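1. using only what follows, build the 3D model:
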Amino acid sequence: MAYEIVESCVNCWACEPLCPSKAIYEARPHFLVDAGKCTECEGDHADAQCMSICPIEGAILNPFGEAANPPGSLTGIPPERMAEVMAEIQAR
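-> Numbers count the residues shown, from 1 in each chain. Next up is the predicted model:
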């Protein structure tokens, strides 16, 4: 299994140089992960480096298809509160 970079990626280059297996590469419209090369950093680091460095919530999915940094996780806002605020903003 492998991590996946999705369309919310802003191509900031933070993850690419940290990948020990060189599985991350530049592509358009966003960086991609070569699933055949991705080791999930097992044997190199305790946590996936791409997930640890990514500044964009929801840009990287774990091997189960879940956001590695879900909305609110990087800001410290609980996901439930983030959903409430987003609903309030959209209702305006």
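
2. and the strands in this protein?
-> Remark: strands assigned in the chain by DSSP state E are 4-5, 24-25, 32-33, 60-61.

3. which one of the ones you listed lies closest to Gly76?
-> Closest approach to Gly76 among those is made by strand 60-61 (18.7 Å; CB to CB). Backbone N, C-alpha and C define where each C-beta goes, glycine included.

4. tell me the pLDDT of Pro79.
-> pLDDT recorded at Pro79 is 74.

5. for the closest residue to it other than its chain neighbours, give me its contacts.
-> Sequence neighbours aside, Gly72 is the residue nearest to Pro79 in space, at 4.6 Å (criterion: CB to CB, 6 or more residues apart in numbering). Contacts for Gly72 were tallied using CB atoms under 8 Å, 6 or more residues apart in numbering; they are Glu57, Pro78, Pro79, Arg81, Met82.

6. which ones are touching the residue nearest to Ala83 when sequence neighbours are not counted?
-> Leaving aside its chain neighbours, Ala83 sits nearest to Pro71 (7.8 Å; criterion: CB to CB, 6+ apart). By CB under 8 Å, 6+ apart, the contact set of Pro71 is Glu57, Gly58, Pro79, Met82, Ala83.

7. repeat that for Ala59.
-> Ile5, Val6, Ser8, Cys9, Val10, His30, Asn69.
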